[in-house]
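> based on what follows, work out the 3D shape:
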Amino acid sequence: SFQVVQHGIARLTILSEAATWLSRLAYCEPEPAHVHAAKGWVSAASVEASAVAHQLHGAVGFTEEYGLQHFTKRLRILRFAWADDRTHYVALGRRRTIESAS
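Just a heads-up that it's a prediction; the model follows:
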């Protein structure tokens, strides 16, 4: 019944669906451009999704006993383990520049 909560959940759904479909594209057509685009989007979406989830859960989302805190930490570790969104977007931009120059 709270419109703000509904908008937050809708945003989480959009981020999740977009990440899923980009990941499927990168899996089915593993061209470097698709992989960089998928990894960049998933990395950027994980930051926004974590922020929205913590906002929706309030202070309880920051406690150690609550599961959200563990997911957020794991997402942060994975985000920087395989390069962040900027790195993948720069690589994608360089690839596009080289392709357009050829």
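> I'd say Ala44 and Ala83 touch.
No - with contact taken as Cβ atoms under 8 Å, Ala44 and Ala83 are classed as non-touching, separated by 11.9 Å. (Glycine included, C-beta is placed from N, CA and C.)
> what's the spacing between Ala49 and Ile14?
As for Ala49, its distance to Ile14 is 10 Å (criterion: Cβ to Cβ, to the nearest Å).
> could you check which of those two has the larger neighbour count?
The residue with more neighbours, out of Ala49 and Ile14, is Ala49; 20 against 12, by other Cβ atoms under 10 Å.
> now the more buried one: which helix or strand?
If you go by DSSP states H and E, Ala49 is part of helix 32-57.
> buried set for that helix?
Of all the residues in helix 32-57, those buried under the rule 16 or more other Cβ atoms under 10 Å are 34-47, 49-50, 52-54, 56-57.
> just stretch 64-74 next, same as before
When neighbours are counted by 16+ other Cβ under 10 Å, the buried residues of stretch 64-74 are found to be 68-69, 72.
> please consider this matter closed, and thank you.
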